[in-house]
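K.L.:
return atomic coordinates for the entry below.
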Amino acid sequence: MQIDLNSDLGEGYGAWSMGDDAAMLDIVSSANVACGFHAGDPRGLLETLRQAAARGVAVGAHVSYPDRVGFGRRAMDATSDELTADVIYQIGALQGLARAAGTQVTYVKPHGALYNTIADDARQADAVIAGVLAADPALVLMGLAGAPVLERARAAGLRLVAEAF
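P.N.:
This next block holds a predicted model:
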């Protein structure tokens, strides 16, 4: 058995920092990097990605609902098409920044309310799965261990990582 220690990073805005990404990158093996919808700005995300690359830390797209005010913690009833497009957009943006930083996005971990909603909501889970597949079918989906979303993702052809807190 292998245990991967991950942390949510890249969540600051401009002069406002959120946590100590550099310190966390010294102890984690994977970084769930914000994609701008719940937190993060391009300059800060690029810096976090550069630091992850320098330390050999795996990078995941921490996709979320478009909810900066609520920090991605408010459930939203987005249409399937909207949610799929939002996921594609966020992954693509982070992939571009990661490439510029000398690393790559290898997995997707939904954030906050989206993570909790798709654990059991088949419609939203399928929309997120469709977004991941459309953006890059080689990405791994990280989800709550035992949640139905993992079986749905496996059936759709995604590789999975089951997470426990």
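K.L.:
from here on, just use CA atoms for contacts and neighbour counts.
P.N.:
Fine.
K.L.:
what's across from the spatially most central residue of the chain in the sheet?
P.N.:
Centroid check for the chain by CA atoms, centre = their mean gives residue 62 as the closest residue, at 1.8 Å. For residue 62, the beta-bridge partners are residue 34 (DSSP bridges).
K.L.:
and the nearest residue in space to residue 97 that is not next to it in sequence, what element?
P.N.:
Closest residue to residue 97 apart from its sequence neighbours, by CA to CA, 6 or more residues apart in numbering: residue 46 at 5.7 Å. Residue 46 belongs to helix 42-55 when assigned by DSSP states H and E.
K.L.:
give me the helices and strands touching that helix, please.
P.N.:
helix 21-25, strand 30-34, strand 58-62, helix 80-101 (3 or more CA pairs under 8 Å, 6 or more residues apart in numbering; DSSP states H and E).
K.L.:
what angle separates it from strand 58-62?
P.N.:
If you take axes from the mean of the first three to the mean of the last three CA atoms, to 10 degrees, helix 42-55 sits at 150 degrees to strand 58-62.
K.L.:
so for stretch 152-165, what gets flagged as buried?
P.N.:
153, 158-161, 163 (16 or more other CA atoms under 10 Å).
K.L.:
of those residues, which is the nearest to residue 66?
P.N.:
Residue 66 lies nearest to residue 153 out of the buried residues of stretch 152-165, by CA to CA, at 22.3 Å.
K.L.:
I figured the closest one hits residue 129, correct?
P.N.:
Yes - counting by CA atoms under 8 Å, residue 153 touches residue 129, with 6.1 Å between them.
K.L.:
now the helices and strands packed on helix 42-55 as TSV including mean pLDDT and distance to residue 1?
P.N.:
Below are the helices and strands packed on helix 42-55 laid out as TSV (pLDDT from 0 to 100; distance: least, CA to CA, whole Å):
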stretch	mean pLDDT	distance to residue 1
helix 21-25	96	22
strand 30-34	98	16
strand 58-62	98	18
helix 80-101	98	28
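K.L.:
would you reformat these as JSON lines and include distance to residue 107?
P.N.:
Output for the helices and strands packed on helix 42-55, formatted as JSON lines (distance: least, CA to CA, whole Å):
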{"stretch": "helix 21-25", "distance to residue 107": "17"}
{"stretch": "strand 30-34", "distance to residue 107": "9"}
{"stretch": "strand 58-62", "distance to residue 107": "5"}
{"stretch": "helix 80-101", "distance to residue 107": "9"}
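K.L.:
of the ones you listed, which is nearest residue 141?
P.N.:
With CA to CA as the measure, strand 58-62 is the member of the helices and strands packed on helix 42-55 nearest residue 141 (9.1 Å).
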